[in-house]
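Participant: Got a predicted structure here, sequence first:
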Amino acid sequence: MALAQASTDDAVLKHRELERAYADIRQQHAFCETEHASLLALNERLAQVNAATAELMAELEEKNEDLRQMNAALAAANAESVQLMAELEEKNDALGEMNRSLAAANAASVELMVELEERNGDLQLTNRELARANAHAAELMAVVELKNEEIHTLNAHLSQANARAADLIAERELHNDALEALNARLSVEIVERQRMEDALRQRTADLEASNEDLDAFSHSVAHDLRGPLGIVLGYAQIIESDVAAMPEAVLKKSLSSITKTAKKMISIIDSLMLLASVRYADAENEPVELADTVREALDRLDMMVADYNGEIVLAESWPEALGNAAWIEEVWVNYLSNALKYGGRPPRVELGANSQDDGTIRCWVRDNGHGLTPAEQESLFVPFVRLEQVDVDGHGLGLSIVRRIVEKMGWQVGLESEVGCGSVFSFTLQEHLPGA
């Protein structure tokens, strides 16, 4: 009767632990809702950044249009300057021609003066010719003055055109500076937008992972814990209703079943806790003796090996790895228990670890089981999937724990299997080379 009461108390305690697990689910659900609100805020901020980017692009387009107009004005001013220079060249050519005519007139005046001295008799005719020459020279000088005035006017126009061109160039430089500032602001906004998008993607991935964990936990509670709990309660009710008339052998068998089922529930809860804790724990890599982790795993499974009458074959030498010793031991435990459950009858399990050329270690467990089809291989390493080849107790969490632990340490799990030839489950680690 005391044993029955103890088992019933133990079942009640497990029921309370289950209620606490449900409370944890509600807390995680509240956390997901908070994260969802944060995600909405990030989306709103992203929309604001997009609006600001659109405004900057419109302002940039307006500045580019102003720059195009100034370039057109500058091109017109340059064309006007070229035309004024051409006109100035033409005026200079005309002035040169006039200067040559003046020189010729002066020469003629000199000749007339000489002829005047030689021909005093023809003084009246010479004076008239000299007057005409002087008048012509005066006309030429007037023309030269007009041309000089035109040249001064052209030079003034050219100076104005040059000043206008300089103003346009200065204004264009100002707009270029403004354009560069806008481009810099746009680059900063683009970088900020990219950072926010990366944060949004990471937050979404974290939420999806958390939702997967919640779904997995709910699945386990609904299916894997409900069944054993029903068994415990059923035996407890039978014992409670008729314990006095129950034969001792039946009572012991019922209590044994309750104990065995309760241990299974504890194993499921421990696996769930490990599966959840690995995601948030820090992966601290340190030198690990693989031989020690294998020995610890076998010590934990000593009774299971005996129950299955299993044969364990170990490698003669083991390399040293970098990783978390407790996690690596957990991987060995899950691989070994999986090989014992699904291996041959009796099971023969081989363990080893080989150094690879790329500085990694391939750790492996080979069983003598029936082997797996490609479809069965695809379903492994996923929570709550177990094979149905033989009738064994299992809850499908082992390989999922292996995958999460190994990927948390930055490496990969592997599987090689063929129907009728057994299976080889493996995982990789970083090799520790002292002095490297």
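Facilitator: Thanks, I have it.
Participant: right, and the helix or strand after the lowest-mean-pLDDT helix or strand in the chain?
Facilitator: Within the chain, no helix or strand scores below helix 248-280, which has a mean of 65 by mean pLDDT, DSSP states H and E. Using DSSP states H and E, the helix or strand that follows helix 248-280 towards the C-terminus is strand 286-289.
Participant: Indicate each strand paired with that following strand and its parallel or antiparallel sense.
Facilitator: strand 320-323 (antiparallel) (DSSP bridges).
Participant: ok, and what's touching the partner strand?
Facilitator: Residues outside strand 320-323 that contact it (C-beta atoms under 8 Å, 6 or more residues apart in numbering): 285-290, 328, 353, 361, 363, 409, 429-432, 434. To be clear about C-beta, it is placed using only N, CA and C from the backbone, and glycine gets the same treatment.
Participant: what helix or strand is Ala161 on?
Facilitator: helix 123-219.
Participant: Report the next helix or strand after that helix in sequence order.
Facilitator: Using DSSP H and E, the helix or strand that follows helix 123-219 in sequence is helix 226-242.
Participant: and that next one, which residues are buried?
Facilitator: Buried residues in helix 226-242, counted by 16 or more other C-beta atoms under 10 Å: 228-229, 231-233, 235-236, 239.
Participant: And stretch 331-345, by the same measure?
Facilitator: So, applying 16+ other C-beta under 10 Å, buried residues of stretch 331-345: 331-344.
Participant: swap in stretch 171-189?
Facilitator: Buried, per 16+ other C-beta under 10 Å, within stretch 171-189: 172, 175, 179, 182, 186.
Participant: Tabulate these (CSV), appending distance to Ser423 and pLDDT.
Facilitator: Formatted as CSV, the buried residues of stretch 171-189 follow (distance: C-beta to C-beta, whole Å; pLDDT from 0 to 100):
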residue, distance to Ser423, pLDDT
Arg172, 75, 82
His175, 72, 79
Leu179, 66, 81
Leu182, 63, 82
Leu186, 57, 81
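Participant: tell me which of these is nearest to Leu56?
Facilitator: The closest of the buried residues of stretch 171-189 to Leu56 turns out to be Leu186 (C-beta to C-beta; 5.2 Å).
Participant: so which helix or strand takes in the closest residue to the closest one other than its chain neighbours?
Facilitator: Distances taken as C-beta to C-beta, 6 or more residues apart in numbering place Leu56 nearest to Leu186, at 5.2 Å, with adjacent residues excluded. Assigned by DSSP H and E, Leu56 belongs to helix 2-118.
Participant: Packing partners of that helix?
Facilitator: Helices and strands touching helix 2-118, as assessed by 3 or more C-beta pairs under 8 Å, 6 or more residues apart in numbering; DSSP states H and E, comprise helix 123-219, helix 226-242, helix 248-280.
Participant: can you state the direction angle for the second one and helix 2-118?
Facilitator: Think helix 226-242. 160 degrees (axes from the mean of the first three to the mean of the last three C-alpha atoms, to 10 degrees).
Participant: Give me the mean pLDDT for helix 226-242.
Facilitator: For helix 226-242, the mean per-residue pLDDT is 73.
Participant: Run the chain-centre distance for that helix.
Facilitator: 53 Å (C-alpha atoms, centre = their mean, to the nearest Å).
Participant: can I get the CA coordinates of it in CSV?
Facilitator: The C-alpha coordinates for helix 226-242 follow below in CSV (Å, rounded to 0.1, in the frame of the first residue of the first chain):
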residue,chain,number,x,y,z
ARG,A,226,-0.3,11.8,-22.5
GLY,A,227,0.0,8.1,-23.2
PRO,A,228,2.4,7.2,-20.3
LEU,A,229,0.5,9.5,-17.9
GLY,A,230,-2.7,7.6,-18.8
ILE,A,231,-1.0,4.3,-18.0
VAL,A,232,0.3,5.6,-14.7
LEU,A,233,-3.2,6.9,-13.7
GLY,A,234,-4.8,3.7,-14.9
TYR,A,235,-2.6,1.4,-12.8
ALA,A,236,-2.9,3.8,-9.9
GLN,A,237,-6.8,3.7,-10.1
ILE,A,238,-6.8,-0.1,-10.2
ILE,A,239,-4.5,-0.3,-7.2
GLU,A,240,-6.5,2.3,-5.3
SER,A,241,-9.9,0.6,-6.0
ASP,A,242,-9.0,-2.9,-5.0
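Participant: Now do it: which elements does it pack against?
Facilitator: Short answer (3+ C-beta pairs under 8 Å, 6+ apart): helix 226-242 packs on helix 2-118, helix 248-280.
Participant: Go through the ones you listed and name the closest to Val191.
Facilitator: Of these, nearest to Val191 by C-beta to C-beta is helix 2-118, at 10.6 Å.
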